[in-house]
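Participant: Here's my sequence, what's the structure:
(chains A and B)
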Amino acid sequence: MSSSARWTLIVVLLAPAVALPLMVPLFDSTDPTLFGFPFYFWFQLAMIPVAVVLTVIAYYLAKAADRDRAAKR
Amino acid sequence: MSNVSAVAFSVFLFFFLLVTILGFVAARWRRAADMGSLDEWGLGGRGFGTFIAWFLIGGDLYTAYTFVAVPALLYAGSAIGFFAVPYTIVVYPLIFLFLPRLWSVSHRHGYVTPADFVEGRYDSRPLALAIALTGILATMPYIALQLVGIEVVLEVMGIGTDDSNWFVKDLPLFIAFAVLAAYTYSSGLRAPALIAFVKDTLIYIVIIVAIIYLPTQLGGWDDIFSKASASFSAHNETNADAIAAGEVSPKSAIPAPLLHWAYASLALGSALALFMYPHSVTAVLSTRNRSVIRRNAALLPAYSFLLGLLALLGFVAIAAGVKVSNPQQAVPQLFENEFPDWFAGVAFAAIVIGALVPAAIMSIAAANLWTRNIYKAYINRDATHAQEAQQSKYASLLVKFGALLFVLFVSTTYALDLQLLGGVWILQTFPAIVAGLYTRWFHRWALFAGWAVGMVYGTLVAYGNPKVGDPGSHFGSPLNEFPTTETLVYIGFTALVLNLLVTVVLTLALRAAGVDEGTDATSPEDYGADVGDEGVVEELDAETPAR
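Facilitator: Model (predicted):
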């Protein structure tokens, strides 16, 4: 995979981590509840591990992209 | 000392003394042979790895004020109060993308502050000065707010006498701040980095205990949420007429559709502002390499989870029947009511130490801005490294005592107002810094004009916002109707849009007119440079024993 393709993929991966927590109409309801938490609250807390997983994948992609860059010189 | 328990106080004092010792010992930690430079005092030698950086950046971004203010918003029934959670989720992908580039170019060229970068990139001293002044202005009230956080805890503990003499009354606050100032002066960024370990460990313990133990005492989360929502409905019913007349704010746990844009724009605007703050840049530049920043973008959200749970303690306080007139006291009061004395002492220590770490980093960041972009740029152009470091040390003292005087003599409310403004202001440096990391297309004078327009617009709109039920008052809300619509949006966000608009239009005009763009001191390869590349020094002689 080329370096620029990797960076495109990284941006695509990270986009939902930025966009989803901002789309309030998706989660502004009480139901379904989880462990007593209204949906509104547990959904937003659940976005944290989702963002982490996406960022970890992006991290490995970025590392590979940096390595390519270093190898080129 | 009216109602403080001796046990709680002793535990509190123990931790306070512990971090004081750590603060001074930090001067010898990872010591370099020559401590007389800004890279050492102001950036801790630029050699912090993933582990230390996690504590340092976490200790820096999640301040005591956050720990007090966010649950206070939920306690007070502000529907947009939970925005801190999406805000701290959104910020990390942005850090992941933008800050490694800033790290690389800064290491290649020895930049210490974001304004250094702007000057190098755009060859514009006025623009760099604008960025530096914005940073200092925005950071001062932020430091003052850390004091507010400490004050709230001291009040709940009942420390601070009812003496009418202002000096005696605020003596504990003076002592805490004098100690902080002393070890920041002697140890620089190493002090908060070391203390952050204690701070974060304590905070984690307290929050985990609070969110597991308290619900079992209060009938579970189910009950807590329904009690909070019942109390909000009761408030809305009792005050129905006043709410309709706009004299009292309605309360709710989940934002109504009318507030969706407000919620999202606050979260995004605050996220964009957060890493433009000088203290975030300082912490990020103190890391060893690009990977440390990216790895931390994946690890730091652990704090966001903590913050989300902590925010919910606002509801727990309602369910536990905590009644305080100042919502900021809700969580400390909850701890005092529900925890055994000794653990309440741990909790209070956690909040106060949580204020000391960011206050130290912020004062260092503001001091670096002063030294690099005002002192060295305008007063002493041939300053040596040693003179720079000394200047920064003095400036850090000045900044902190400025903040202290501010809280004592101006007013706490005013500090809050300025903090709101600070976020709006710092956001206006976004085009120059972040766009500058990718493109040199924008014209330096267009950026300057955009910044000025955004600053003036944001300040005027925030000033003209009255508080609910107090017509004619100012800085009542961070929201305003987006021009030509009736949708409420974060003021900083609107100001940024305006700023970008002005910048783009003027860039086109200035380029067409052929106005001089200045010389770019950076080259495209600088933005991807990493440790080991030419011109990127690895940690500045970390292993060399002290003389």
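Participant: Which residue ranges of the stretch 101-250 of chain B form helices?
Facilitator: B:114-122, B:125-157, B:166-169, B:171-187, B:190-217, B:220-238, B:240-244 (DSSP state H, counting those that start in this stretch).
Participant: And for the stretch 351-500 of chain B?
Facilitator: With DSSP H, counting those that start in this stretch as the criterion, the stretch 351-500 of chain B has helices at B:385-405, B:412-427, B:430, B:436-438, B:444-463, B:491-513.
Participant: out of those helices, nearest to residue B:319?
Facilitator: Closest approach to residue B:319 among these is made by helix B:412-427 (26.5 Å; CB to CB). Any C-beta I mention is one placed from the backbone N, CA and C, and that applies to glycine too.
Participant: re earlier: turn the helices of the stretch 351-500 of chain B into JSON lines, including mean pLDDT, mean neighbour count and distance to chain A.
Facilitator: As requested, those are exported to JSON lines (pLDDT from 0 to 100; neighbours: other CB atoms under 10 Å in any protein chain shown; distance: least, CB to the nearest CB, whole Å):
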{"stretch": "helix B:385-405", "mean pLDDT": "84", "mean neighbour count": "19", "distance to chain A": "30"}
{"stretch": "helix B:412-427", "mean pLDDT": "77", "mean neighbour count": "22", "distance to chain A": "16"}
{"stretch": "helix B:430", "mean pLDDT": "92", "mean neighbour count": "23", "distance to chain A": "15"}
{"stretch": "helix B:436-438", "mean pLDDT": "90", "mean neighbour count": "18", "distance to chain A": "12"}
{"stretch": "helix B:444-463", "mean pLDDT": "91", "mean neighbour count": "21", "distance to chain A": "21"}
{"stretch": "helix B:491-513", "mean pLDDT": "91", "mean neighbour count": "19", "distance to chain A": "11"}
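Participant: Please determine how far the closest residue in space to residue B:20 that isn't next to it in sequence is located from chain A.
Facilitator: Closest residue to residue B:20 apart from its sequence neighbours, by CB to CB, 6 or more residues apart in numbering or on different chains: residue B:179 at 5.3 Å. Residue B:179 sits 35 Å away from chain A, going by CB to the nearest CB, to the nearest Å.
Participant: Same question for residue B:114.
Facilitator: According to CB to the nearest CB, residue B:114 and chain A sit 22 Å apart.
Participant: now swap in residue B:57 and tell me
Facilitator: Separation of residue B:57 from chain A (CB to the nearest CB): 14 Å.
Participant: My read is that that residue contacts residue B:295, right?
Facilitator: No. Contact criterion CB atoms under 8 Å: residue B:57 and residue B:295 do not qualify, at 11.2 Å.
Participant: Contacts only, for residue B:352.
Facilitator: Counting by CB atoms under 8 Å, 6 or more residues apart in numbering or on different chains, residue B:352 touches B:12, B:16, B:64, B:149-150, B:153-154, B:176.
Participant: for the helix or strand that residue A:58 is a member of, what is the average pLDDT?
Facilitator: Using DSSP states H and E, residue A:58 sits within helix A:39-72. Taken as a whole, helix A:39-72 has a mean pLDDT of 86.
Participant: Give me the contact status of that helix with chain B.
Facilitator: Yes. Shown here: helix A:39-72 in contact with chain B (CB under 8 Å from any CB of the partner chain) through A:40-41, A:44-45, A:47-49, A:51-52, A:54-56, A:58-59, A:62-63, A:66, A:69-70.
Participant: what's residue A:34 sitting at in phi/psi?
Facilitator: The phi and psi values for residue A:34, taken as degrees, to the nearest 10, are phi -140, psi 120.
Participant: By pLDDT, give me the weakest of the contacts of residue B:352.
Facilitator: Confidence-wise, residue B:64 trails the rest of these, at 75.
Participant: For that residue, grab phi and psi.
Facilitator: Here residue B:64 shows phi and psi, under degrees, to the nearest 10, equal to phi -60, psi -40.
Participant: Could you verify my assumption that it touches residue B:149?
Facilitator: Yes. Residue B:64 is within contact range of residue B:149, at 3.6 Å (criterion: CB under 8 Å).
Participant: intersection of neighbour lists for those two?
Facilitator: B:351-352, B:354-355.
Participant: now, among these, which is nearest to chain A?
Facilitator: residue B:354 (20.2 Å; CB to the nearest CB).
Participant: Next, work out how far apart the residue nearest to the closest one when sequence neighbours are not counted and chain A are.
Facilitator: Leaving aside its sequence neighbours, residue B:354 sits nearest to residue B:64 (CB to CB, 6+ apart; 3.8 Å). Distance, residue B:64 to chain A, using CB to the nearest CB: 21 Å.
Participant: Ok, residue B:315 next?
Facilitator: Taken as CB to the nearest CB, the span from residue B:315 to chain A is 9 Å.
Participant: ok, residue 38 - contacts?
Facilitator: Using chain A. By CB under 8 Å, 6+ apart, the contact set of residue A:38 is A:29-31, B:225, B:253-254.
Participant: I was thinking of chain B, sorry if that wasn't clear
Facilitator: Contacts of residue B:38 (CB under 8 Å, 6+ apart): B:112, B:368, B:371-372, B:385, B:388-389, B:392.
Participant: switch the cut-off to 10 Å
Facilitator: Residue B:38 is in contact with B:110, B:112-113, B:188, B:364, B:367-368, B:371-372, B:376, B:383, B:385-393, counting by CB atoms under 10 Å, 6 or more residues apart in numbering or on different chains.
Participant: hmm, back to that, which among the contacts of residue A:38 end up buried?
Facilitator: B:225, B:253-254 (16 or more other CB atoms under 10 Å in any protein chain shown).
Participant: What is the nearest of these to chain A?
Facilitator: Nearest to chain A among the buried ones among the contacts of residue A:38: residue B:254, at 4.7 Å, using CB to the nearest CB.
Participant: which stretch of helix or strand covers the closest one?
Facilitator: Per DSSP H and E, there is no helix or strand for residue B:254.
Participant: circling back to that earlier point, out of the helices of the stretch 351-500 of chain B, which is closest to residue B:196?
Facilitator: helix B:385-405 (17.2 Å).
Participant: relative to helix B:125-157, how tilted is that closest one?
Facilitator: Here helix B:385-405 runs at an angle of 50 degrees relative to helix B:125-157 (axes from the mean of the first three to the mean of the last three CA atoms, to 10 degrees).
Participant: Which other helices and strands does helix B:385-405 contact?
Facilitator: helix B:38-41, helix B:125-157, helix B:171-187, helix B:341-370 (3 or more CB pairs under 10 Å, 6 or more residues apart in numbering or on different chains; DSSP states H and E).
Participant: Tabulate these (a markdown table), appending distance to residue B:88.
Facilitator: Formatted as a markdown table, the helices and strands packed on helix B:385-405 follow (distance: least, CB to CB, whole Å):
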| stretch | distance to residue B:88 |
| --- | --- |
| helix B:38-41 | 29 |
| helix B:125-157 | 16 |
| helix B:171-187 | 25 |
| helix B:341-370 | 14 |
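Participant: Comparing those by mean pLDDT, which bottoms out?
Facilitator: With a mean of 74, helix B:38-41 has the lowest mean pLDDT of these.
Participant: What is the burial count for residue A:34?
Facilitator: 13 (other CB atoms under 10 Å in any protein chain shown).
Participant: What is the burial count for the residue lying closest to it once chain neighbours are set aside?
Facilitator: Closest residue to residue A:34 apart from its sequence neighbours, by CB to CB, 6+ apart: residue A:42 at 4.6 Å. Residue A:42: 18 surrounding residues under other CB under 10 Å.
Participant: I'd guessed residue A:42 sits against residue A:35; true?
Facilitator: Yes. Using CB atoms under 10 Å, residue A:42 is in contact with residue A:35, at 7.5 Å.
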